[in-house]
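J.: Sequence plus the predicted model coming up.
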Amino acid sequence: MRRIFERKLTVLLFLGLPTCVAQADSLYDPETFRELAADHRAHRVGDNITILIYESATATSRADSTANRSSRVDLSATDLDETVGGSFSTDNTFQGGGQERRSGEVIARVSVSVVAIADNGELSIKGAQKIALNNETQQISVEGRLRPQDISPDNTVLSSRLSDAHIEFKGRGMLSSRQKPGLLVRFFQWLF
């Protein structure tokens, strides 16, 4: 009998206690969810993209100048007995020209981040890579806009596909300083 009483008391206690609501959080977050078989190309702010830089530029400038000038003056005077005369002539010729040719090439791979997404879906990207080796520092900076359809399945983009591209390659160190003309040469270039 005592056991029956204990059971009834236990049932009454459970029924009389306020009910607790069980809560659970979903493992699915629509902002961060990516399917296993989904495309893993960058499409959000903060995603990384690798830019394949293959840039080559060549410029040629040529100028030719020619100037000719000739002058001739003849004088003669007649006296009754004798004719006196003379002539004077000048001839100036100038010929000049110059040619300048420059070429440059940059080949690199730089990982950048998506910093903004435009209303039309274009991704704004920005990033830099700094390499230091033997007291030489080289920095490559890339900035621009790209269309999502230009991103390849391995999440890379050719630099030629960037619009408003700003690609900058800077070097600092002993080799870079040796390539600059000296102070005296720069002064005379400025003077003349």
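T.: Okay, I see it. Fair warning: this is a prediction, and the values are worked out from it, not measured in the lab.
J.: The biggest strand by length in the chain pairs with which strands?
T.: Secondary structure of the chain read by DSSP state E shows that its longest strand is strand 83-117. Paired strands of strand 83-117, with direction, are strand 48-78 (antiparallel), strand 123-133 (antiparallel) (DSSP bridges).
J.: ok, and for the last one, which residues are buried?
T.: Counting neighbours by 16 or more other CB atoms under 10 Å, one finds that the buried residues in strand 123-133 are 123-125, 127. All C-beta spots, glycine's among them, are computed from the backbone N, C-alpha and C.
J.: tell me the average confidence for it?
T.: For strand 123-133, the mean pLDDT works out to 90.
J.: Past it, which element shows up next along the chain?
T.: strand 136-146 (DSSP states H and E).
J.: and the angle from that next one to strand 48-78?
T.: Using axes from the mean of the first three to the mean of the last three CA atoms, to 10 degrees, the direction of strand 136-146 lies 100 degrees away from that of strand 48-78.
J.: tell me what strand 136-146 is packed against?
T.: Judged by 3 or more CB pairs under 8 Å, 6 or more residues apart in numbering; DSSP states H and E, the packing partners of strand 136-146 are strand 48-78, strand 83-117, strand 123-133, strand 163-172, helix 174-178.
J.: Swap in 6 Å and give it another go.
T.: Judged by 3 or more CB pairs under 6 Å, 6 or more residues apart in numbering; DSSP states H and E, strand 136-146 is in contact with strand 83-117, strand 123-133, strand 163-172.
J.: Mind listing the strands the last one pairs with, and their directions?
T.: Listed by DSSP bridges, the sheet partners of strand 163-172 and their directions read strand 136-146 (antiparallel).
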